[in-house]
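# mind looking at a prediction? Sequence and model below.
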Amino acid sequence: MQRSTATLALGSIGVVSLCAVGCAPNNADILHFLREHEHEVSAIEYRVGIPDAIEISAPRILEIDAEAQTINPDGKLSLRLLGDVKVVGMTAKEIAAKLEVLLSRYYTDPKVRVRVASYESKNYYVSGPFAASGKYPYTGRDTLLDAVMKSGNSQGSWRSRIKVIRPSHGDGEPRTIIVNVDRMIREGDWSKNILLEPDDIVYIPPTPLAWVGLRIREVLDPMAPVFQAYLTPAYVLAAKDVYEDDGGGSGGISLGQRPF
């Protein structure tokens, strides 16, 4: 058993090492990745969807000032004075402009501001055995570094080989790029800090050593109940020694002591 586990570990290290010796993305790869479909991405052009929530500010227009609403399933807002207003697919600035046009029937030179209060309609995803995996709200300003920071800073995460997987647009193939985030942070080269798109997947792989540890754990997990049965009595005895009075103490554990 020990020999087979060691063989698995050595073989795993070899496989991971070979996978790591790939070509890092060059500037052409980065530019291609960023420019393709870039007309659909803007850090300030988020378009609202269902069920995003927005807030309206119009100090001179009491009917809608400080109004906060979630976009209805039909893509509309229900506002006093104006009734149902379709806003789905519009930016905050476009919504404000539309409201100003509608309000001009009742007010002279109305001024309206709109902001997105809750991003619920679009997401991006983070995955990895040592990352805080899950879906995160897409705001239109999310970058690769944002996703990495939100995922946690586990020592088992291989941040020099982070993969961004972008789903296909239409009939095209999904696109993938690998970015060395550690180097990006170390050198301050923000040109590789990719602006994410909705439904992007950020995969944070384990380091080679952590990957080997996961594989070994898979081999040993079936034996965990056996180890637990042997170790539990030892843990109980250790706890008994710590918590029992030794005859000259205070009769319990003191500050600073650690039971194991």
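That came in fine, so what should we check first?
# what is the burial count for residue 50?
If you count neighbours by other C-beta atoms under 10 Å, residue 50 ends up with 15. Where you see a C-beta, it was placed from the backbone N, CA and C, and this is true even at glycine.
# next, it: secondary structure please.
Under DSSP: H, G, I helix; E, B strand; the rest coil, residue 50 falls in the coil class.
# residue contacts, it?
Counting by C-beta atoms under 8 Å, 6 or more residues apart in numbering, residue 50 touches 71, 72, 73, 75, 88, 121.
# now do the first one against residue 114, distance only.
With distances defined as C-beta to C-beta, to the nearest Å, the gap from residue 71 to residue 114 amounts to 12 Å.
# who's more crowded, the two?
Counted by other C-beta under 10 Å, residue 71 and residue 114 do not tie: residue 114 has more neighbours, with 24 against 21.
# tell me the phi and psi of the more buried one?
The phi/psi pair for residue 114 (degrees, to the nearest 10) reads phi -130, psi 140.
# can you give me every residue that contacts it?
54, 55, 56, 57, 92, 93, 95, 96, 99.
# of the residues you listed, buried ones?
Taking 16 or more other C-beta atoms under 10 Å as the criterion, what is buried in the contacts of residue 114 is 54, 56, 92, 95, 96, 99.
# quick one: mark the members of these that sit in helices.
92, 95, 96, 99 (DSSP state H).
# so the second one touches residue 87, yeah?
Yes - Residue 95 lies in contact with residue 87 (C-beta atoms under 8 Å); the separation is 4.9 Å.
# about what we covered before: now, among the ones in helices among the buried ones among the contacts of residue 114, which is nearest to residue 183?
Nearest to residue 183 among those is residue 92, at 35.6 Å by C-beta to C-beta.
# is it correct that that closest one is in contact with residue 54?
Yes - between residue 92 and residue 54 there is a contact at 7.0 Å, judged by C-beta under 8 Å.
# need the overlap of contacts for those two.
By C-beta under 8 Å, 6+ apart, residue 92 and residue 54 have these common neighbours: 48, 114, 115, 116.
# identify the farthest-apart pair in these.
48 and 115 (10.6 Å).
# out of the helices and strands in this protein, which is least certain?
helix 2-20 (a mean of 46; mean pLDDT, DSSP states H and E).
# what sits against residue 122?
Here residue 122 is in contact with 49, 137, 138, 198, 199 (criterion: C-beta under 8 Å, 6+ apart).
# what pLDDT does the third one get?
Spelled out, it's residue 138. For residue 138, the pLDDT comes out at 95.
# try the fourth one
In the prediction, the pLDDT value recorded for residue 198 is 92.
# this completes my enquiry, with thanks.
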